[in-house]
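J.: Return a 3D structure for these sequence lines:
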Amino acid sequence: MTKIKLTTPLTDDVVEKLRIGQRVLLNGVIYTGRDAAHKKLIELLDTGRELPINLRGQIIYYVGPSPAKPGNIIGSAGPTTSGRMDAYAPRLISLGLKGMVGKGKRSPEVVKAMRQHKAVYFAAVGGAAALISKCIKECEVVAYPELGPEAIHRLVVEDLPVIVVNDTLGGDLYEEGTKIYASK
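T.: Sure, this is the predicted structure:
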């Protein structure tokens, strides 16, 4: 299968063409965020305050990168389990978030929000954190430095390899893959 190169920010037109199983190379700016940062983002929204980043058309990578060794931009940057962000993701998707990168299955509420607001979920390969970090060309903390590795980082990525797991039609690669495997 041919790899699709995407550059952020993403538009509805681009996201609507993606289908489960497609291999994608992400380029441009993406943001990091795990559960502690997501909780802070929702608290801001609940109190009517602005978010520290503009989510429209953006991708959040569920990662808590390890510290960079001398001479490196970032340490290992492997995906974390996405389910921990499921309580927060629908609201962020409704604000224009177009993609999330992590590992593991998403809740029905997140899948519904992706369909409704035209967003996708990508999986990055767990266990390949050192290799993934080579795709990160810039890294800076943009919010919540007190959270350490769970702070929100602005990353500039080049050809970050991911796979479409959930698309705007409600497709789910984990479910489809299980069906194919079980039928053999």
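J.: Break down this protein into its helices, ranges please.
T.: When assigned using DSSP state H, the helices of the chain occupy the ranges 12-17, 35-46, 89-94, 108-117, 129-133, 173-182.
J.: and Val29, which of these is closest to it?
T.: Go through the helices of the chain one by one with C-beta to C-beta and the one that ends up closest to Val29 is helix 12-17, at 15.2 Å. Backbone N, C-alpha and C define where each C-beta goes, glycine included.
J.: what about that closest one, distance to the chain center?
T.: 16 Å (C-alpha atoms, centre = their mean, to the nearest Å).
J.: quick one: buried residues of the helix or strand of the chain with the lowest mean pLDDT?
T.: The least trusted helix or strand in the chain, going by mean pLDDT, DSSP states H and E, turns out to be helix 173-182, with a mean of 79. Neighbour-count burial for helix 173-182, with 16 or more other C-beta atoms under 10 Å as criterion, is recorded at Leu173.
J.: What of stretch 39-59?
T.: Judged by neighbour count using 16+ other C-beta under 10 Å, the buried positions of stretch 39-59 are 40-41, 53, 55, 57-59.
J.: Correct me if wrong: Phe122 contacts Arg106.
T.: No. Using C-beta atoms under 8 Å as the test, Phe122 is too far from Arg106 to be in contact (11.1 Å).
J.: Which strand runs longest in this protein?
T.: Counting by DSSP state E, the longest strand found in the chain is strand 152-166.
J.: Name the nearest residue to Ile59, ignoring sequence neighbours.
T.: Nearest non-adjacent residue to Ile59, counting by C-beta to C-beta, 6 or more residues apart in numbering: Gly99, 3.9 Å away.
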